[in-house]
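Trainee: my questions are about this predicted structure, shown below with the sequence.
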Amino acid sequence: MSFQALGHGITVIDTDFIRPGFDAAYLIVQDGRAAFIDCGVNHSVPRLLEALAAQGLGPEAVDWVIPTHVHLDHAGGAGLLMQQCPNATLLIHPRGARHMIDPTALVAGATAVYGAEEIARTYGQILPVPAARVREAGADETVQLAGRPLRIVDTPGHARHHFCVWDAASRGWFTGDTFGISYPECTGRGGRYLLPTTTPVQFEPEALHASVERLMAEAPVWMYVTHYGALGGSVEAVQALAVQQHAQIDQMVAAARAVQAAHPAPGPVRHQALRAACADIYVRAWQALGGPADPARIAEVLFNDIELNAQGLGVWLDRGTRA
């Protein structure tokens with residue numbers, strides 16, 4: 001099944017982006033009203049509506065579509081989903097609103113990273129959302145879903161147009177990419193393995209550290225990550241994941257600076273060195289939790305993330321940003 005109930009009226013939906021267990025959207029239902037947090041890409045929309053129908057609800061019951069940020073694996077299907085949900089308002093970070101209304105620049109930026117052929121194959125046509133149906137969320141604002149408060153908190157570090165959503169009912173954060181990545185395969189005897197995401201082009205380590213701490217200030221029990229699923233189950237389990245996140249951000253920054261010292265000029269040599277440095281950090285961290293003994297298996301699971309994180313670190317180095 002492409003979706004699973006998590007309790008507290010929350011359903012996790014596999015968007016079928018890239019591979020199973022890679023990219024999630026979340027459905028919250030409260031007293032017959034619904035909200036989607038992140039929505040995958042265009043071909044994900046039927047899955048979202050299927051999960052909604054399983055709750056006995058139609059598209060007219062959706063009050064909110066809430067992408068955590070405008071990267072296409074989180075918001076690529078927003079325009080099509082909004083077409084299907086006539087009563088919904090799209091809630092978005094102020095820095096991202098214009099990209100939902102006119103996705104031209106968003107598509108161009110993604111094309112620069114992935115290439116035009118990949119964008120067309122994976123995402124299809126990114127549809128605009130009418131400006132009248134878009135609402136910008138303040139830096140610390142609460143909206144209501146049938147009386148259930150959903151608090152929006154600005155969380156830069158992965159992207160400047162990123163926010164997270166606090167659900168007091170479940171004591172959980174919908175974290176997008178701020179709290180990192182942990183696929184279902186990322187398990188070991190010591191628990192779930194989590195790694196940061198520095199996907200191009202707005203990685204800022206100081207801001208990411210601060211955003212993680214802002215999330216932890218609520219003593220969350222659950223972290224609903226887009227890649228992938230509900231993590232935690234206790235305050236202590238979430239705290240252990242935050243420790244992993246902070247440690248690896250620092251390790252990646254130190255490794256990137258070491259690579260830059262050895263290879264000052266951007267190019268394929270430096271990029272391959274950044275890839276190797278990222279892979280080494282992730283292999284050691286996952287194996288420390290009792291993960292796969294074979295580094296090649298870890299590199300296989302995390303192939304996309306190693307590549308994109310190396311790209312993001314390269315962009316950060318080229319900006320001359322200081323952690």
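Mentor: Yes, it's here.
Trainee: distance of L150 relative to D102?
Mentor: Using C-beta to C-beta, to the nearest Å, one gets 26 Å for the distance from L150 to D102. C-beta: built from backbone N, CA, C; applies to glycine.
Trainee: more crowded one of the two?
Mentor: Taking L150 and D102 together and counting by other C-beta atoms under 10 Å, L150 has the greater number of neighbours (23 against 13).
Trainee: can you give me the strands for the stretch 151-300 of the chain?
Mentor: Assigned by DSSP state E, counting those that start in this stretch, the stretch 151-300 of the chain shows strands spanning 163-167, 172-176, 187-188, 191-192, 222-225, 229-232.
Trainee: out of those strands, nearest to A108?
Mentor: strand 172-176 (21.8 Å; C-beta to C-beta).
Trainee: you'd agree L91 is in a helix?
Mentor: No. The assignment for L91, made by DSSP: H, G, I helix; E, B strand; the rest coil, is strand rather than a helix.
Trainee: contacts only, for the residue nearest to it when sequence neighbours are not counted.
Mentor: Once flanking residues are discounted, L91 sits nearest to I66: 4.6 Å by C-beta to C-beta, 6 or more residues apart in numbering. Neighbour list for I66: 35-38, 90-92, 150, 152, 165, 174 [criterion: C-beta atoms under 8 Å, 6 or more residues apart in numbering].
Trainee: could you flag which of these are buried?
Mentor: Buried subset of those (neighbour count, 16 or more other C-beta atoms under 10 Å): 35-38, 90-92, 150, 152, 165, 174.
Trainee: what's the domain layout of the chain?
Mentor: 3-237, 244-319 (automatic domain parsing).
Trainee: of those domains, flag the one that's most buried.
Mentor: domain 3-237 (a mean of 20; mean count of other C-beta atoms under 10 Å).
Trainee: re earlier: in JSON lines, list the contacts of I66 along with distance to F3.
Mentor: Output for the contacts of I66, formatted as JSON lines (distance: C-beta to C-beta, whole Å):
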{"residue": "A35", "distance to F3": "15"}
{"residue": "F36", "distance to F3": "12"}
{"residue": "I37", "distance to F3": "14"}
{"residue": "D38", "distance to F3": "13"}
{"residue": "L90", "distance to F3": "21"}
{"residue": "L91", "distance to F3": "22"}
{"residue": "I92", "distance to F3": "24"}
{"residue": "L150", "distance to F3": "20"}
{"residue": "I152", "distance to F3": "24"}
{"residue": "V165", "distance to F3": "19"}
{"residue": "F174", "distance to F3": "16"}
